[in-house]
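Enquirer: Got a sequence here, can you model it:
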Amino acid sequence: MSSSNHTVFVCSATGYQGGALARRLREISWNVHATTRNLSSAAAIALKDMGVHLNECDWDNAAALKDSIKGCDKLFLCLMPDWDDPSRELRQCQIILQIAKEAGVKQVVSSTTLGVSQLDANVRVYPGSFMEKHMLNKKAIEKAVEDHGFEYFTFLRPTFFMANFLKPKVKRYSEICDHRRWTTAMTNETQLPILDHVDIAKFAVAAFQDPVTFYGRAIGLASDQMRVQEILDLLGEAAGQPGSIRAIFLTDEETEAQDDGTSFASTHKVLRTASDYVDLDLLRAIAPLTTFKDFLKREKEAVKQTYT
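Expert: Numbers count the residues shown, from 1 in each chain. Have a look, this model is predicted:
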């Protein structure tokens, strides 16, 4: 492992966000510690090959987490929601933060959701919906970070992921690849901010390298922004099937009929205003952003596999 002045414990290192950050940190010769539930997985092997120190455990295993976080001075906090046990994410957060604090971690960069910005602005979300629970959970995580009294902290608030249009994430939006349509409560004029997960790593590294400048900031993250049909048109072109994917926009009446808190109608109504909480000019001043067109070029094999 290359020596460096900084060692970062990266949550979700085998996932999209954590994996991209681990690679970027190793590129600048910072040390990276992480955990995985399976040391034999392809993602874990790739991390070990690049010099990441890995322990096999989950985030409920406090003893193993202590061993992993020992010697780290920075933490990237990125936790996954458990829809069967909504309280688990916050419990795991508290465990990790307490261990990090006791281990001498000085700085935390936490990836939450743009929904926290919208929640703070009183954007209407269906009461009791999975979207409201998700937003409240992430807001509670941010408060927990603040309450633990770390020397520096920064919140990154991602918006809709570009990877949601590709396998395996597209499973949540299977209508797009299975039926070549996207039924949504967004409107034809909605400007949807979309985010390349690789760009999250750029902002996390910027915050880690300059903790004073980024202290206490909450940054809404996106890489590109355009209307829904424009996104689908680029997707169809990248798949070699121009014009094959169409957006179907629900009327307000149809949206209200579906808006029972369990459908994506609630989510998509929130996405109508997401662009109000992202400043692309500000983001570009911090790091170069990936356009959706460039993302599709980079992920051309995944596009091909998703839209055969």
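Enquirer: helix or strand right after the worst-scoring helix or strand of the chain on mean pLDDT?
Expert: Lowest by mean pLDDT, DSSP states H and E among the helices and strands of the chain is helix 264-271, with a mean of 75. Next in sequence after helix 264-271, counting helices and strands by DSSP states H and E, comes helix 280-286.
Enquirer: Going by neighbour count, which residues in that next one are buried?
Expert: By 16 or more other CB atoms under 10 Å, the buried positions in helix 280-286 come out as residue 283. Any C-beta I mention is one placed from the backbone N, CA and C, and that applies to glycine too.
Enquirer: which outside residues touch that helix?
Expert: 193, 202-203, 206, 219, 221-222, 225, 289 (CB atoms under 8 Å, 6 or more residues apart in numbering).
Enquirer: pull the CA atoms of it into CSV?
Expert: C-alpha atoms of helix 280-286 as CSV (Å, rounded to 0.1, in the frame of the first residue of the first chain):
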residue,chain,number,x,y,z
LEU,A,280,-24.4,23.7,-12.4
ASP,A,281,-22.2,26.8,-12.8
LEU,A,282,-21.1,26.5,-9.2
LEU,A,283,-20.4,22.8,-9.6
ARG,A,284,-18.4,23.3,-12.8
ALA,A,285,-16.2,25.8,-10.9
ILE,A,286,-15.3,23.0,-8.4
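Enquirer: Okay, buried residues for stretch 200-213 please.
Expert: 200-208, 211.
Enquirer: tell me which of these is nearest to residue 147?
Expert: residue 211 (18.5 Å; CB to CB).
Enquirer: quick one: contacts for the closest one?
Expert: 106-107, 151-152, 154.
Enquirer: between these, which is closest to residue 46?
Expert: residue 107 (25.9 Å).
Enquirer: Next one: the closest one from residue 211, what distance?
Expert: Using CB to CB, to the nearest Å, residue 107 is found at 5 Å from residue 211.
Enquirer: Mind listing what's buried along stretch 145-152?
Expert: Applying 16+ other CB under 10 Å to stretch 145-152 flags 145, 148, 150, 152 as buried.
Enquirer: Among those residues, name the ones in strands.
Expert: residue 152 (DSSP state E).
Enquirer: The buried residues of stretch 145-152: which two are farthest apart?
Expert: Going by CB to CB, the pair spanning the buried residues of stretch 145-152 furthest: 148 and 152, at 11.9 Å.
Enquirer: overlap in contacts of the two?
Expert: residue 108.
Enquirer: show me where pLDDT drops low in this protein?
Expert: Applying pLDDT under 70 to the chain flags the ranges 1-4, 259-266.
Enquirer: Tell me which stretches of it form strands.
Expert: Counting by DSSP E, the strands of the chain are 7-10, 31-36, 53-56, 74-77, 107-111, 152-158, 160-161, 181-184, 191-195, 218-221, 224-227, 246-249.
Enquirer: Could you report the neighbour count for residue 258?
Expert: 17 (other CB atoms under 10 Å).
Enquirer: what's the closest of the strands of the chain to residue 279?
Expert: Residue 279 lies closest, by CB to CB, to one member of the strands of the chain: strand 218-221, at 7.1 Å.
Enquirer: For that closest one, which strands pair with it and how are they oriented?
Expert: strand 152-158 (parallel) (DSSP bridges).
Enquirer: Identify the residues contacting the partner strand?
Expert: Residues outside strand 152-158 that contact it (CB under 8 Å, 6+ apart) are 17, 106-117, 142, 145-146, 195, 197, 200, 203-204, 207, 211-212, 214-221, 277.
Enquirer: what about 7 Å?
Expert: Identification of contacts with strand 152-158 by CB atoms under 7 Å, 6 or more residues apart in numbering yields 106-114, 116-117, 142, 145-146, 195, 200, 203-204, 207, 211, 214-221.
Enquirer: Quick one: buried ones out of those?
Expert: By neighbour count, with 16+ other CB under 10 Å, the contacts of strand 152-158 hold 106-114, 116-117, 142, 145, 195, 200, 203-204, 207, 211, 214, 218-221 as buried.
Enquirer: partners of residue 108 in the sheet?
Expert: residue 75, residue 153.
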